[in-house]
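# got a predicted model here, sequence first, then my questions.
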Amino acid sequence: MTTPSPPALEVRNISLAFKGVKAISDLSFEVAPREICALIGPNGAGKSSLLNILNGVYVPNSGEIIFEGEHFHRMQPLEAARRGIGRGFQNNALFSGMSVADNVIAGLSRHARATLLEEALLLPRARAETRRFRERAHEVLGLFNLEHHAETIVATLPYGVQKKVELARAIVAAPRLLLLDEPLAGMNAAEKQEIADIIATLNRELKLTIVLIEHDIGIVLKLAHHVVVLDYGRKLADGAPDGIRDNPEVIAAYLGGDKVEIAA
Ligand SMILES: Nc1ncnc2c1ncn2[C@@H]1O[C@H](COP(=O)(O)OP(=O)(O)OP(=O)(O)O)[C@@H](O)[C@H]1O
C-alpha cells in the first residue's frame, strides 16, 4: 500500500482584514504536489489577497501557511522566492522598454549572489552570474518557442506573446509552487486556449504545483485538478471540478443560477 504524499501547500485557518473589513475569513484548504488548483469566486472574494499572503506580500491576522512541511505565519517575499514560490501578476507587469531576455532575467534577480559593487566593476563573479542567467533565460524561452524573440523589445510584441514572456519570467527561477493571478485575462478564446495548454504542459513536464486565479469557468473546469470557491472571503466549496460544477451553492452564488455547460 502506498502512503499518500503530504500536501505541497496547506492554508490553515487564514484570516485577513483591511481596516476592519474582512477580506478572508478562517480559510483552510490543501494543495497536493503537482496539482493545478484554481481559486474562483466573484470580484472581491479574496482571491488576490490570498495569493499575496502566499508570497509574503500581505501578513494574515491569524492562521498559518505550511509549505513543503514548514510552518509560516509570514514569509517575506524574498524568502518565498528563495524557497521556491514563484508569482505571475494580474496585469501585465513586464518592463515594456526592455528586451524579452532581460525581462526573463529579471525573474532571477532575487537569486543573484553578486553584489551591486561586483556588478558595477564587472568583477568575475558578476560576469559569470550574468552569463549563467542569460543561458537560463534562453533555455526557458525555448520552452515557449520564443528564442527568436530574445532581443525583441517587449512593447513591440502582441499581447498574447507578452503573456508568454510573463509566464517565462515566472518560471525562470525554477519554482516548485507557481502562483498565477488571472493568467488568461484580456485574451481572446484562441489565446486563452494556448496559454491554458502551456500551463498544463508546465504542470506536467516541470512537475510544478500551480495555484491560479481565473474567471473563465469553462477553462478552469477543464484545466484544474482541484477548485476552491471563495465568496466574501469564505470557502464555499473545495473539490474536483465535476463536483464544483454540480454544487448547488456554487451555482447559486457564483454561476448565476445556470449550470455551466462545458464542451467535451
Ligand atoms: N490593499 C487593500 N486595502 C484595502 N482593502 C483591500 C486591499 N486589497 C483588497 N482589499 C479588499 O479585500 C477584499 C478582497 O479583495 P481581493 O482583491 O482579494 O478579491 P478578489 O477575489 O481577488 O477580487 P477580483 O476578482 O476583483 O480581483 C475586497 O473587499 C477588497 O476591496
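It's in. Just so it is clear, the model here is predicted, and its values are computed rather than measured. Numbering: from 1, shown residues only.
# what pLDDT does the model give Asn13?
Note on Asn13: pLDDT of 97.
# how far away is it from the ligand?
According to Cβ to the nearest ligand atom, to the nearest Å, Asn13 and the ligand sit 18 Å apart. Where C-beta positions appear, they are placed from N, C-alpha and C, glycine not excepted.
# wasn't that residue part of a helix?
No - according to DSSP: H, G, I helix; E, B strand; the rest coil, Asn13 belongs to no helix; its state is strand.
# what's the burial count for the nearest residue to Glu35 once chain neighbours are set aside?
Spatial nearest neighbour of Glu35, chain neighbours left out: His225 (4.4 Å); criterion: Cβ to Cβ, 6 or more residues apart in numbering. His225 is flanked by 15 other residues according to other Cβ atoms under 10 Å.
# and for Cys37?
Cys37 has 21 nearby residues by other Cβ under 10 Å.
# Glu139 too?
12.
# one step back: just to check, the residue nearest to Glu35 is in contact with Ala240?
Yes - in this structure, His225 is within contact of Ala240 by Cβ atoms under 8 Å, at 7.2 Å.
# now do the SS call for Gly160.
Here Gly160 takes the helix state, with states given by three-state DSSP.
# and what about the nearest residue to it once chain neighbours are set aside, helix, strand or coil?
Distances taken as Cβ to Cβ, 6+ apart put Glu191 closest to Gly160, at 4.1 Å, once the chain neighbours are dropped. Put simply, Glu191 is helix when judged by three-state DSSP.
# what of Pro6?
Secondary structure, three-state DSSP: Pro6 is coil.
# tell me the contacts of it?
Gly69 (Cβ atoms under 8 Å, 6 or more residues apart in numbering).
# A strand includes Ile66, no?
Yes - looking at Ile66 with three-state DSSP, it is inside a strand.
# where do the strands sit along this protein?
9-18, 21-31, 36-40, 62-67, 70-72, 85-88, 177-181, 209-213, 226-231, 234-239 (DSSP state E).
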